[in-house]
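Chemist: pasting the sequence and the predicted model now:
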Amino acid sequence: MGQEQNSTQTLKWKQLTESERYKIEALFQSGLTPIEIGRQIDRDRRTIERELKRGRTQRKRLNRNSSKSVNEPLYIVDNVYYADVGQRIHNERASNKGRTWKIGHNHKLSAHIERKICDERYSPDAVIGEIKTKGLSFDVTVCTKTVYNMIDAGLFLRLSNKDLPVKRNGKKRKYRQTRSVALNNTKGRSIEERPPEVENREEYGHWEMDCVVGKGKACLLVMTERKSRQQLLFKIAAKTQHCVHAVINKLERRYKSRFKQIFRSITMDNGSEFLDMEGIENSVLNVGTKRTICYYAHPYSAYERGSNENANKLIRRFIPKGSDIGKLSFADVKRIEHWINCYPRRIFGYKTANEIAA
């Protein structure tokens with residue numbers, strides 16, 4: 001059978017376009033009937049009648065005869081057709097096509113998602129991942145993408161995009177390698193000297209260290225374990241070498257002989273508070289011995305301490321930029337540390353850092 005001899009019937013029906021609606025408005029205002037309008041634009045009479053009903057609205061105009069007679073109303077109400085009204089209603093109805101939201105009237109699941117994101121500062125992906133790993137039971141199951149779509153559609157009572165920690169655009173940032181560049185810290189050990197077990201995150205005990213600053217002198221010293229992403233947070237009085245040494249010395253006195261196994265190496269940036277490599281490496285309990293090994297990242301290469309930088313983003317959910325860290329209590333800092341270490345992570349199949357480190 002040739003193409004000219006096919007038996008497939010051409011679909012005759014199609015929806016009105018926006019330009020056709022404006023033609024209908026002009027022809028209707030000129031006094032034409034629906035059947036006459038249909039002949040003008042090659043449409044059925046019932047199609048025109050339904051469209052006139054859809055875009056019909058009321059318009060008030062001043063009654064010029066009201067001043068001549070007391071019984072005459074001040075305004076006359078006319079039923080008119082507006083193309084933009086018809087187009088708006090058409091668009092609204094078109095957007096409601098398709099399947100209904102899977103979550104439906106499952107208020108239990110909606111309340112759980114709202115509580116986790118709004119109150120406990122979880123991301124949508126962390127919420128869904130935790131539901132799967134902990135085996136929480138709800139009438140329906142949804143994926144991360146569905147939760148984002150529901151938030152965009154405004155289906156939650158108190159959850160919106162403003163409550164999300166990060167709304168990514170899906171584009172991965174490009175980084176450039178910074179090798180063979182002279183370090184500002186010429187006495188420090190370069191990150192290029194790190195052994196493969198540190199680079200590959202195969203062994204527990206290799207940490208990254210940084211400071212989170214705010215308003216005032218006080219700041220947080222943040223230590224991130226590379227394999228498990230476990231966090232240690234310490235509030236220090238100022239961003240100085242003395243305060244950093246005090247924290248490391250306190251940790252050595254706490255763990256004693258176990259310190260070398262727990263803190264095998266520490267990778268830092270070239271901030272002034274970290275430049276005393278010998279003060280960080282040398283033991284205070286066994287004078288003349290090293291308690292750990294320090295490595296320094298290249299200047300302007302925060303991606304070389306990626307785990308540390310991601311941890312700082314989690315901390316910023318509780319301590320926005322410009323906050324006064326000096327007002328935080330010891331309990332506040334430990335509460336943030338506990339939250340991060342118990343946060344489900346997709347990279348670990350939604351297990352927590354504490355579970356990986358155990």
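Modeler: Ah, there it is.
Chemist: where exactly do the strands run in the stretch 51-200 of the chain?
Modeler: Applying DSSP state E, counting those that start in this stretch to the stretch 51-200 of the chain gives strands spanning 56-62, 75-81.
Chemist: other SSEs contacting the last one?
Modeler: When you say that, I think you mean strand 75-81. Counting contacts by 3 or more Cβ pairs under 8 Å, 6 or more residues apart in numbering; DSSP states H and E, strand 75-81 is packed against helix 18-29, strand 56-62. For every residue, glycine as well, the C-beta is placed using N, CA and C.
Chemist: roughly how far out does the first one sit from the chain middle?
Modeler: When distances are taken as Cα atoms, centre = their mean, to the nearest Å, helix 18-29 is centred 44 Å away from the chain's centroid.
Chemist: contacts for it?
Modeler: 16, 36-37, 40-41, 43, 48, 51-52, 55, 80-83, 86-87 (Cβ atoms under 8 Å, 6 or more residues apart in numbering).
Chemist: and the angle from that helix to strand 75-81?
Modeler: Relative orientation of helix 18-29 and strand 75-81, computed by axes from the mean of the first three to the mean of the last three Cα atoms, to 10 degrees: 140 degrees.
Chemist: immediately after helix 18-29, which helix or strand?
Modeler: Where DSSP states H and E defines the elements, the next helix or strand beyond helix 18-29 is helix 34-41.
Chemist: buried ones in that following helix, by neighbour count?
Modeler: P34, I37, G38, I41 (16 or more other Cβ atoms under 10 Å).
Chemist: show me what that helix is packed against.
Modeler: Checking 3+ Cβ pairs under 8 Å, 6+ apart, helix 34-41 ends up next to helix 18-29, helix 45-54.
Chemist: and the helices and strands packed on strand 75-81: which comes nearest I248?
Modeler: helix 18-29 (69.0 Å; Cβ to Cβ).
Chemist: go through that closest one and flag the buried ones.
Modeler: Quick answer for helix 18-29 (16+ other Cβ under 10 Å): E20, R21, K23, I24, E25, L27, F28.
Chemist: from those, pick the one nearest H242.
Modeler: Checking the buried residues of helix 18-29 against H242 with Cβ to Cβ, the nearest one is R21 at 75.0 Å.
Chemist: quick one: mean pLDDT over stretch 267-283.
Modeler: In this model, stretch 267-283 has a mean pLDDT of 93.
Chemist: typo on my end, stretch 237-254
Modeler: pLDDT averaged over stretch 237-254 gives 95.
Chemist: same deal with stretch 140-154?
Modeler: Mean predicted confidence for stretch 140-154 is 89.
Chemist: and T57, bridged to which residues?
Modeler: Note on T57: beta-bridge partners V80, judged by DSSP bridges.
Chemist: and the longest helix seen in the chain, C-alpha only, in CSV?
Modeler: Longest helix in the chain, counting residues (DSSP state H): helix 241-255. Output in CSV follows, covering the C-alpha atoms of helix 241-255 (Å, rounded to 0.1, in the frame of the first residue of the first chain):
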residue,chain,number,x,y,z
GLN,A,241,48.4,29.0,66.3
HIS,A,242,48.2,28.9,70.1
CYS,A,243,44.5,28.0,70.1
VAL,A,244,45.0,25.3,67.5
HIS,A,245,47.9,23.8,69.4
ALA,A,246,45.8,23.8,72.6
VAL,A,247,43.1,21.7,70.9
ILE,A,248,45.6,19.1,69.5
ASN,A,249,47.4,18.9,72.8
LYS,A,250,44.1,18.3,74.6
LEU,A,251,43.3,15.5,72.1
GLU,A,252,46.6,13.9,72.7
ARG,A,253,46.2,14.0,76.5
ARG,A,254,42.7,12.4,76.1
TYR,A,255,43.7,9.5,73.8
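Chemist: next structured bit after that helix?
Modeler: Next along the chain after helix 241-255, taking DSSP H and E as the criterion, comes helix 259-262.
Chemist: what segments of this protein are helices?
Modeler: Using DSSP H, the helices of the chain run over 18-29, 34-41, 45-54, 83-95, 107-114, 124-134, 144-152, 196-199, 241-255, 259-262, 277-281, 306-316, 330-341, 353-357.
Chemist: who wins for proximity to Y296 among the ones you listed?
Modeler: Of all the helices of the chain, it is helix 277-281 that lies closest to Y296, at 7.8 Å by Cβ to Cβ.
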